[in-house]
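Participant: Fold the following, please.
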Amino acid sequence: MKKTNMNKITITNMACRTTVFLLLSIIGLAFTVQADVLLIDRVEAIAGTDVPQKSATMNQVRSQYGDPMNEYAAVGEPPITRWDYADFTVYFEHQHVITAVLKKSKPTEIGPESVESTDG
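Facilitator: Residues are numbered from 1 along each chain as shown. Predicted coordinates for the structure are as follows:
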């Protein structure tokens, strides 16, 4: 009789562990899916937005979009420079645009705090 009770307890423990594992897996998957959706939203949003195109020069960007709100010195090799505008950030390698990134895919997007807002 004792052996049967032990088997029931073992089966119950295994069932509980399996259930907990499945729930944690589902929760983890939900966070991954949300991250993918935000990335897709941002990629789709930039497609319909007027941002500097790859290979444009710094002079072309400045003449078309004006002076950036913030202009960071080049870092690394090759030198990468960052310019911040109100709605997007532009990254340059030497004098040419390598990418432009929207700050938000839509006005209601809630994302991580910017580096500037977490300083000091």
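
Participant: Only C-alpha atoms from now on, for both contacts and neighbour counts.
Facilitator: Fine.

Participant: in this protein, which spans are helices?
Facilitator: 2-47, 58-65, 115-118 (DSSP state H).

Participant: any idea of the mean pLDDT for the first one?
Facilitator: When pLDDT is averaged over helix 2-47, the result is 63.

Participant: Over to the last one?
Facilitator: This predicted structure assigns helix 115-118 an average pLDDT of 51.

Participant: May I see the buried residues of stretch 83-96?
Facilitator: Neighbour counts over stretch 83-96 (16 or more other Cα atoms under 10 Å) mark Trp83, Asp84, Tyr85, Phe88, Thr89, Val90, Tyr91, Phe92, Glu93, His96 as buried.

Participant: May I see the residues you listed organised as JSON lines, with pLDDT added?
Facilitator: Formatted as JSON lines, those follow (pLDDT from 0 to 100):
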{"residue": "Trp83", "pLDDT": "97"}
{"residue": "Asp84", "pLDDT": "95"}
{"residue": "Tyr85", "pLDDT": "95"}
{"residue": "Phe88", "pLDDT": "90"}
{"residue": "Thr89", "pLDDT": "93"}
{"residue": "Val90", "pLDDT": "96"}
{"residue": "Tyr91", "pLDDT": "96"}
{"residue": "Phe92", "pLDDT": "98"}
{"residue": "Glu93", "pLDDT": "98"}
{"residue": "His96", "pLDDT": "98"}
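
Participant: Okay, and which of the residues you listed map to strands?
Facilitator: Taking DSSP state E, the ones among the buried residues of stretch 83-96 that sit in strands are Trp83, Asp84, Phe88, Thr89, Val90, Tyr91, Phe92, Glu93, His96.
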